[in-house]
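Engineer: After the sequence you'll find the predicted model.
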Amino acid sequence: MKVESVQSIASASKNLGTIPTEFIRSEQEQPQITTFDGPVPEVPVINLADVDKNQVLREIVEASEEWGIFQVVNHGIPSEMIKELQRVGKEFFELPQEEKEKIAMVPGRLEGYGTNLMKNGAKSWVDFLLHVVWPLEQVNYSFWPQNPPNYRKVNEEYTKYMVPLVDEIFEYLSIGLGIDNNLLKEASGGDDLKLLLKINFYPPCPRPDLTLALDSTLMYQQ
């Protein structure tokens, strides 16, 4: 399926000094208005390897109540595993467009290679790859890239670390709420809880002052 990608638009626009009008945000949404210029917020950082699990719990509860967000470190996912996941994601977006389009999103399906050009309203300067990684019986490998060749192996290894981490955080949150340890996980689907991986690609933009790469979201940044 043919995909009009931001990556191709960026390539065509790089020497023009402008971007297509559908990417230009209203003045109220443009980065010079919406970008925070103050001190960098100190988002709570939770050390999951702390031997004092009661302290970990207290920190998670406090961060959840006061911030609604926190970062976890020493979470058990090896740094080399994260680098490998980033590597295969980067290599996918470096493939020829025809290769990426082999797993393009189709109407009625959430998964595959796509772009926010498909959305109504102002467009975001981003392409992405999205697919289910867990549970295995819900994984559709037809939406996973065949290239790079070890993409599947890297994703499956990463998921082995991610699943128990999700369970651990669910348990801390449940205890913090004063409910049964497994209640939040069960309310979210239990063992059938669906985990999706999304890799975002942000091509260089000739007018980053006029557009946004994403609307509200949570993202990993190296």
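Structural biologist: Thanks, I have it. Numbers count the residues shown, from 1 in each chain.
Engineer: Could you tell me whether residue 169 really is in a helix?
Structural biologist: Yes - judged by DSSP: H, G, I helix; E, B strand; the rest coil, residue 169 forms part of a helix.
Engineer: ok now do residue 155, which residues does it touch?
Structural biologist: 85, 88, 133, 144, 197 (C-beta atoms under 8 Å, 6 or more residues apart in numbering). (C-beta placed from N, C-alpha, C; glycine too.)
Engineer: Residue 23 now?
Structural biologist: Residues near residue 23 by C-beta under 8 Å, 6+ apart: 122-125, 210-211.
Engineer: From the contacts of residue 155, list the buried ones, please.
Structural biologist: 85, 88, 133, 144, 197 (16 or more other C-beta atoms under 10 Å).
Engineer: Give me the secondary structure label for the second one.
Structural biologist: Three-state call for residue 88 (three-state DSSP): helix.
Engineer: Low-confidence stretches in the chain?
Structural biologist: In the prediction, the chain carries residues with pLDDT under 70 at positions 1, 116-121, 215-222.
Engineer: let's go with 50 and repeat that
Structural biologist: Along the chain, segments meeting pLDDT under 50 span 216-222.
Engineer: Just the element for the residue nearest the centre of it, please.
Structural biologist: When the chain is reduced to its mean C-alpha position, the nearest residue by C-alpha atoms, centre = their mean turns out to be residue 198, at 4.5 Å. In this structure, residue 198 sits in strand 195-201 according to DSSP states H and E.
Engineer: Can you tell me the strand partners of that strand and which way each runs?
Structural biologist: In the sheet, strand 195-201 lines up against strand 127-134 (antiparallel) (DSSP bridges).
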